[in-house]
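Engineer: What follows is a predicted protein model with its sequence.
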Amino acid sequence: MSGAKEQGSVIRPYGDMTGDGMIQVSFTLPIPHDKRAEGAALQLAEKMGLSPALLVHAKAMGREHTFFVVYGSVTHLVELDKVEVIERDFPLLSAKEVNGAIKKSLRRPLVVVGACIGTDAHTVGIDAILNIKGFAGEKGLESYSEVRVVNLGAQVLVPELVEAARAEQADAVLISQVVTQRDAHIHNTTAMSAAFREAYPSGEVPLLIAGGPRFAEGTAQELGVDRIFGKGTTPSEVASYLVHAVASRKSRPPQNPNKSSKPPQEQQ
């Protein structure tokens, strides 16, 4: 109790001793490696608020770029009371519980189509969730008896993904995005979402799930998807969410596309 009381709601970074504010940052500058480049790195570090700043590593990255690691103290404080955390809003289930819930809810296998879209060729993330070998000691969705997985692999165009989802009658579509240059992961995800909502009738779009190390978990609505999963996500988390989301959808009242949205007095 005494330690928590001393820490309070405001903290500083820790380096060599408690409260010294020491942090380490790395960056690349578009300049050849020489003394001038090292001076430029220290100037940038000082403008970032590191004082004093110590250059601990510098390495040429080709002829025109240099990579730096800088160590120094900052005066900024972290206000813990203002940190926003997105809590998991569904129970974490075992494989047996997931299979049982799907069998009870759908009475058929749940179909999941996965892919890396756009020019992204990094399949490690999507394979960790879908392939039977799994991730972090957990088997992937292919190991679930009540889940049918269609893994389309890398560099899948959005129209191809939509076509495959329709052909397989997918309940959920999982995309992985690792390449983030120029916000490619954001552009690809919003384009995917728009394509599915154009191709499917209202209320019949599969669950759209995006994952990758650079996604912010609170941006699902902004990107037009149902869920965002960040780094470290395990297959059981995804499987548990699928059960939760499918059950939530089945509990909603059916939509009537022919029903007028006008007030009763205007319909008469």
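Structural biologist: Perfect, I can see it now.

Engineer: residue ranges with poor pLDDT in the protein?
Structural biologist: Residue ranges of the chain with pLDDT under 70: 1-8, 251-268.

Engineer: where do the strands sit along it?
Structural biologist: With strands called from DSSP state E, the chain shows them at 10-11, 22-29, 53-60, 66-73, 78-79, 110-116, 147-151, 172-176, 207-211, 227-229.

Engineer: Helices along the chain, start to end?
Structural biologist: Under the criterion DSSP state H, helices of the chain are mapped to 2-7, 35-47, 95-105, 124-130, 158-168, 184-199, 220-223, 235-251, 264-267.

Engineer: got a markdown table for those, with mean neighbour count and distance to residue 206 too?
Structural biologist: The C-beta positions use only the backbone N, C-alpha and C, and glycine is treated the same way. As requested, those are exported to a markdown table (neighbours: other CB atoms under 10 Å; distance: least, CB to CB, whole Å):
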| stretch | mean neighbour count | distance to residue 206 |
| --- | --- | --- |
| helix 2-7 | 8 | 45 |
| helix 35-47 | 15 | 46 |
| helix 95-105 | 17 | 15 |
| helix 124-130 | 22 | 15 |
| helix 158-168 | 16 | 6 |
| helix 184-199 | 18 | 7 |
| helix 220-223 | 15 | 15 |
| helix 235-251 | 19 | 10 |
| helix 264-267 | 8 | 33 |
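
Engineer: Any idea which of those helices gets closest to residue 149?
Structural biologist: helix 124-130 (5.1 Å; CB to CB).

Engineer: and that closest one, C-alpha only, in PDB?
Structural biologist: Extracted as PDB, the C-alpha positions of helix 124-130 are listed here (Å, rounded to 0.1, in the frame of the first residue of the first chain):
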ATOM      1  CA  VAL A 124       3.100 -13.800 -40.000                       C
ATOM      2  CA  GLY A 125       0.300 -12.000 -38.200                       C
ATOM      3  CA  ILE A 126      -2.600 -13.600 -40.100                       C
ATOM      4  CA  ASP A 127      -1.000 -17.000 -40.000                       C
ATOM      5  CA  ALA A 128      -0.500 -16.700 -36.200                       C
ATOM      6  CA  ILE A 129      -4.300 -16.300 -35.800                       C
ATOM      7  CA  LEU A 130      -5.500 -18.700 -38.500                       C
END
